[in-house]
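Participant: Need the 3D shape of this:
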Amino acid sequence: MDQALASLSIVMPLDGRQSETARAIQRGALRYLAARGLVGVPEFSLASGRRADIAAIDGRGEVWVVEIKSSVTDFRTDRKWADYRLHCDRLFFAVGPDFPVEILPEDAGVMVADQFGAGLVREAPRHPMPGVTRRAVTLRLARTAAGRLMGLMDPDGVRGIEL
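Facilitator: This is a model prediction of the structure:
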């Protein structure tokens, strides 16, 4: 491997739409997912046009969606997370340490996160996607992740490619 490439450190730019609290929860949730063997794509656009806070996939192809809620108001005013179930095998909420987890739906997993990591409060029930949906979501995840990496390495190289 080329020595310059081996020492290359690529950092994603911050998404300006998120609060500092949401970014901390996102970082901790991504670390938790990695510790469980999943790789995650933040701000993932679903085929429905919705945007999942994190979509992640494990080595067997199981897909998780993690919806970040930075406050009770954020949870109560945003109900589009129910649509995410069609695009994943498991749906989780990731919230901060002070969030009252008892208000979250029982049929979704819950993790409590901060900038350093996360802990699982409740496992998400598994609701397997149909094969055709799994293929489409997996392909979209792969193209999104690869496209973002290409865009960081060569922003002009991905112009015109739909990610």
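
Participant: Specify the local secondary structure of the most centrally placed residue in the chain.
Facilitator: Centroid check for the chain by C-alpha atoms, centre = their mean gives Ile54 as the closest residue, at 1.0 Å. Assigned by DSSP: H, G, I helix; E, B strand; the rest coil, the conformation of Ile54 is strand.

Participant: Could you give the bridge partners of it?
Facilitator: Beta-bridge partners recorded for Ile54 (DSSP bridges): Pro42, Val66.

Participant: Could you check how far it is from Glu102?
Facilitator: Ile54 sits 23 Å away from Glu102, going by C-beta to C-beta, to the nearest Å. In this view, the C-beta of every residue, glycine as well, is placed from N, C-alpha and C.

Participant: about what we covered before: quick one, grab the pLDDT at the residue nearest to the centre of the chain.
Facilitator: Looking at Ile54, its pLDDT is 97.

Participant: Quick check: it touching Leu33?
Facilitator: Yes: contact between Ile54 and Leu33 holds when scored by C-beta atoms under 8 Å: they sit 7.3 Å apart.

Participant: what residues are shared contacts of the two?
Facilitator: Common neighbours of Ile54 and Leu33, using C-beta atoms under 8 Å, 6 or more residues apart in numbering, are Gly40, Trp64, Val66.

Participant: For Thr133, state which of these is nearest.
Facilitator: Taking C-beta to C-beta as the measure, Thr133 sits nearest to Trp64 out of the shared contacts of Ile54 and Leu33, at 14.3 Å.

Participant: how about the strands in this structure?
Facilitator: 39-45, 51-57, 63-69, 90-95, 109-114, 117-122 (DSSP state E).

Participant: So which of those strands is nearest Thr77?
Facilitator: Among the strands of the chain, strand 63-69 sits nearest to Thr77 (C-beta to C-beta), with 10.2 Å.

Participant: what packs against the closest one?
Facilitator: Other elements packing on strand 63-69 under the criterion 3 or more C-beta pairs under 8 Å, 6 or more residues apart in numbering; DSSP states H and E are helix 20-35, strand 51-57, strand 90-95, helix 131-153.

Participant: now do 10 Å
Facilitator: helix 20-35, strand 39-45, strand 51-57, helix 72-77, strand 90-95, strand 109-114, helix 131-153 (3 or more C-beta pairs under 10 Å, 6 or more residues apart in numbering; DSSP states H and E).
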